[in-house]
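**Q** got a structure for you, letters missing:
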């Protein structure tokens with residue numbers, strides 16, 4: 001086995017990140033060489049090609065034996081591959097969505113595509129990092145890209161406001177994370193996640209370990225927009241362009257949840273009696289706060305922002321699962337939520353346009369009559385977000401709540417089901433608006449146009465949501481295989 005591990009060059013274990021980095025650099029060089037008057041649309045296709053290559057490189061890592069590289073700072077295993085493929089898929093759809101929706105004369109378009117690809121580098125690295133300092137670097141690469149993308153629409157005051165608010169609050173959260181890294185190093189003498197678990201029981205200052213863990217949790221829970229660290233979410237979602245929201249509401253969260261799983265199950269499994277009730281409380285708070293706040297929203301993007309907070313709670317409920325089943329359920333829910341959330345924001349992007357002329361729920365009235373395909377897709381993704389059977393949203397909640405009840409937290413899925421019923425109220429409000437006949441005195445809205453790139457993005461999101469709802473076995477099998485990465489540490493604390 002050692003010979004097999006040594007036979008894999010280190011560069012192969014970060015090959016997806018290398019491909020993404022080269023793609024981003026190539027986009028920037030091409031952008032600088034092109035005339036200002038020339039369209040940058042081709043750069044988006046370059047980004048899509050590079051992300052697709054990185055996705056295939058991630059799948060190729062499954063043939064490698066699990067192991068670490070670069071002095072034990074990154075680890076390649078089924079867990080990292082699962083989230084690499086998920087993140088690359090999200091970024092690919094976001095790039096395709098942007099190709100037909102960004103203004104053709106936007107002179108920062110090349111930077112936009114490069115930032116998306118560079119953000120993917122940080123997100124992918126975050127899922128495979130097993131050294132907390134590399135975690136910090138990966139988090140910064142991902143965050144800086146999304147900070148800039150959030151303020152991409154400079155012709156409106158909400159864009160810069162979203163970027164500034166996201167940057168300031170994100171910087172504080174990163175500060176908490178960095179203080180946690182420093183304290184865990186002081187308590188255990190290492191920042192290697194794989195070594196922390198063995199050193200915590202013999203740490204000279206157990207209280208310092210607890211403080212370090214609490215600080216790390218603040219930083220990570222901010223990134224997944226879980227309550228009470230969610231205050232940035234509605235304003236940033238409202239101010240950022242819809243294709244950017246499709247990306248930032250899914251891919252960075254998937255990376256952050258992967259980090260959370262690796263940290264609590266790989267680095268702090270002996271503290272499970274302490275972090276499990278904490279995550280339960282955050283799950284209940286996120287579900288309840290997110291759904292109650294969403295009920296009062298008339299702005300579609302703000303409503304979906306609060307909805308994402310609630311979905312973070314549904315996902316955290318899976319952490320109550322016994323053994324590796326909780327990890328598998330959390331990974332599956334991340335994939336299901338990503339598919340349907342990217343899909344709903346893709347529909348909003350096409351229907352509302354880059355300038356977002358349809359910000360309110362009432363503005364979508366009669367969409368299914370004006371654009372039957374687009375309106376039908378919006379209804380489909382809303383049904384999935386509710387959790388209706390034969391959609392990815394249903395099986396995501398089913399596996400999350402089932403594993404929570406099997407882990408002994410019977411009241412957690414009950415609260416989740418009550419919150420799901422509450423969520424149906426505001427989702428159905430948009431469903432009714434889309435399905436209603438257009439008002440006779442309302443201005444005639446232009447029929448949305450679906451280009452090849454946007455059509456492909458919508459097809460990917462729709463097929464993924466359908467497959468996860470009708471035949472989830474293959475993805476669930478991949479999620480269970482990824483969970484086996486932590487089987488040894490979990491069994492050691494039973």
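**A** Everything's here; your move. Source: prediction; values computed, not measured.

**Q** a strand runs through residue 340, doesn't it?
**A** No - the assignment for residue 340 (DSSP: H, G, I helix; E, B strand; the rest coil) gives helix, which keeps it out of a strand.

**Q** Now do the residue nearest to residue 468 when sequence neighbours are not counted against residue 418, distance only.
**A** Spatially, and ignoring its direct neighbours in sequence, residue 468 is nearest to residue 392 (3.2 Å; CB to CB, 6 or more residues apart in numbering). C-beta here means a position set from N, CA and C on the backbone, and glycine is covered the same way. In this structure, residue 392 and residue 418 are 21 Å apart, going by CB to CB, to the nearest Å.

**Q** Compare these two (neighbour count), which wins?
**A** Per other CB atoms under 10 Å, whichever of residue 392 and residue 418 has more neighbours is residue 392, with 30 against 13.

**Q** before we move on, what SS does residue 225 have?
**A** Here residue 225 takes the coil state, with states given by three-state DSSP.

**Q** That should have said residue 228, apologies.
**A** Secondary structure of residue 228, per three-state DSSP, is coil.

**Q** The closest residue to it other than its chain neighbours - how many residues pack around it?
**A** Excluding the flanking residues, the one nearest residue 228 by CB to CB, 6+ apart is residue 285, at 6.6 Å. The burial metric for residue 285, expressed as a neighbour count using other CB under 10 Å, is 17.

**Q** now residue 285, what's its secondary structure?
**A** Secondary structure, three-state DSSP: residue 285 is helix.

**Q** Might you report the residue contacts of it?
**A** The contact partners of residue 285, by CB atoms under 8 Å, 6 or more residues apart in numbering, come to 226, 227, 228, 313.

**Q** check contacts around the second one.
**A** By CB under 8 Å, 6+ apart, the residues touching residue 227 are 282, 285, 286, 288, 289, 290, 309, 313.

**Q** again, only this time at 7 Å
**A** Residues in contact with residue 227, defined by CB atoms under 7 Å, 6 or more residues apart in numbering, are 282, 285, 286, 289, 290, 309.

**Q** Relative to residue 214, how far out is the last one?
**A** Shown here: residue 309 relative to residue 214, a distance of 21 Å by CB to CB.

**Q** What of the fifth one?
**A** Plainly put, residue 290 is 22 Å away from residue 214 if you go by CB to CB.

**Q** okay, these two: which has more neighbours?
**A** Set side by side, residue 290 and residue 214 show unequal neighbour counts under other CB under 10 Å, the larger going to residue 290 at 28 against 15.

**Q** Which helix or which strand is home to residue 333?
**A** With the criterion set as DSSP states H and E, the secondary-structure element containing residue 333 is helix 325-352.

**Q** Please identify the helix or strand for the nearest residue to residue 324 once chain neighbours are set aside.
**A** Closest residue to residue 324 apart from its sequence neighbours, by CB to CB, 6+ apart: residue 483 at 3.8 Å. Secondary structure assigned from DSSP H and E places residue 483 in helix 473-483.

**Q** cool, and residue 182?
**A** helix 158-188.

**Q** Name the next helix or strand downstream of that helix, please.
**A** In the C-terminal direction from helix 158-188 (assignment by DSSP H and E), the next one is helix 193-199.

**Q** and that following helix, how far out from the chain's middle?
**A** 27 Å (CA atoms, centre = their mean, to the nearest Å).

**Q** Which residues does that helix contact?
**A** Where contact means CB under 7 Å, 6+ apart, the residues beyond helix 193-199 that reach it are 130, 132, 184, 188-190, 262-263, 266-270, 489.
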